[in-house]
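A.B. asks: sequence and computational prediction follow.
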Amino acid sequence: MTGSDNFGSIEHDGIVQKSDKNSVTVRISSVSACSGCHEEGSCTLSGKEDKIIDISGRYNLVPGEAVTVLMKKSMGYAAVILGYVIPMILVVALVIILGSMSLPELITGLGSLAVLIPYYLVLWFFRKRINTNFKFTIKI
């Protein structure tokens, strides 16, 4: 991942998996920061994860071609807010609220974590609507 200050975007290198008239499917390999370590094969912290992204639009690309996928930085910030910031605020708020009610610590902890279940379910149910806000393009 690299940042492109010229366009206010985030860039990822990927490989075209499939291309048709209306969209392109790109596989992006995310590699952890410790991927160059000599203990990478035996360490459970290192990781490589492939992500498949469908990009709408007409591109003259063939499967196997290397491309650079662009995403606006603001969309990256929105993803961080939805995935990490709001859940953290919910958990901390519930710990404070339940803790002030003089409930046992176990109930307070489990209750504050339980709020994440409906939150992530709501995100999952609205994933298609949320996904329309996240637009990817291919750098040519």
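C.D. replies: Arrived safely. Numbering: from 1, shown residues only.
A.B. asks: list the contacts of the residue of the chain most remote from its centre.
C.D. replies: The C-alpha centroid of the chain is most remote from Ser102, which lies 37.0 Å away (C-alpha atoms, centre = their mean). Residues in contact with Ser102 (C-beta atoms under 8 Å, 6 or more residues apart in numbering): none are found. In this view, the C-beta of every residue, glycine as well, is placed from N, C-alpha and C.
A.B. asks: so it: helix, strand or coil?
C.D. replies: Following DSSP: H, G, I helix; E, B strand; the rest coil, Ser102 is assigned to coil.
A.B. asks: let me know the next secondary structure element after the lowest-mean-pLDDT helix or strand in the chain.
C.D. replies: One helix or strand of the chain scores below all others by mean pLDDT, DSSP states H and E: strand 2-4, with a mean of 51. The helix or strand immediately downstream of strand 2-4 is strand 9-19, counting by DSSP states H and E.
A.B. asks: and that next one, what does it pack against?
C.D. replies: For strand 9-19, the packing partners by 3 or more C-beta pairs under 8 Å, 6 or more residues apart in numbering; DSSP states H and E come out as strand 2-4, strand 23-31, strand 66-72, helix 73-80.
A.B. asks: how about a markdown table for the ones you listed, with mean neighbour count added?
C.D. replies: Below are the helices and strands packed on strand 9-19 laid out as a markdown table (neighbours: other C-beta atoms under 10 Å):
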| stretch | mean neighbour count |
| --- | --- |
| strand 2-4 | 11 |
| strand 23-31 | 17 |
| strand 66-72 | 17 |
| helix 73-80 | 13 |
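A.B. asks: which of these sits closest to Ile52?
C.D. replies: The closest of those to Ile52 is strand 23-31. By C-beta to C-beta, the value is 5.7 Å.
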